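Novice: Following is a predicted model, sequence given first.
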Amino acid sequence: MSNREQWLRNAMADVMQIESAQISVEQSFAEQGVDSLMGLRLTRALQDDLGVEIELEWLFDYPNIRELAGYLDSQFGERAEESAATTA
């Protein structure tokens, strides 16, 4: 699991108020119970961490942690890796 995947897993667990071990990196956000409010909270956490605007639609375009992490790393490169490493 990459640093970004672990960071997303932890952020999602915080938003959902559950243990991170209960979060799958491959199961879709919707299947794991992420609703629109939780999605907004998750995107806010990402924005705060990366310092860039994150679109809520990305949770639909990249519907699980593994896909979203790959997208973030491809778009923000080292910035995404560094922020994930410091918060993981």
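Specialist: Alright, I've got the coordinates. Quick caveat, the model's predicted, so the values are computed rather than measured.

Novice: In three-state terms, label residue 9 for me.
Specialist: Recorded secondary structure, residue 9: helix (DSSP: H, G, I helix; E, B strand; the rest coil).

Novice: how far away is residue 28 from residue 38?
Specialist: Between residue 28 and residue 38 the distance is 13 Å, computed by C-beta to C-beta, to the nearest Å. In this view, the C-beta of every residue, glycine as well, is placed from N, C-alpha and C.

Novice: Name the residue in the two with the higher neighbour count.
Specialist: residue 38 (17 against 14; other C-beta atoms under 10 Å).

Novice: measure residue 28 to residue 66 for me?
Specialist: 11 Å.

Novice: Quickly note the distance from residue 32 to residue 9.
Specialist: In terms of C-beta to C-beta, residue 32 sits 10 Å off from residue 9.

Novice: Neighbour count for these two, which is higher?
Specialist: residue 9 (20 against 16).

Novice: The more buried one and residue 25, how far apart?
Specialist: Taking C-beta to C-beta, one finds residue 9 at 6 Å from residue 25.

Novice: Need the residues touching each of those two.
Specialist: 1, 65 (C-beta atoms under 8 Å, 6 or more residues apart in numbering).

Novice: mind checking the SS state of residue 56?
Specialist: coil.

Novice: List the contacts of it.
Specialist: Per C-beta under 8 Å, 6+ apart, neighbours of residue 56: 36, 39-40, 43.

Novice: Same question for residue 53.
Specialist: residue 47.

Novice: mind checking the SS state of it?
Specialist: At residue 53, secondary structure determined by three-state DSSP is coil.

Novice: repeat for residue 63
Specialist: Taking three-state DSSP, the label given to residue 63 is coil.

Novice: Good, we can wrap up now.
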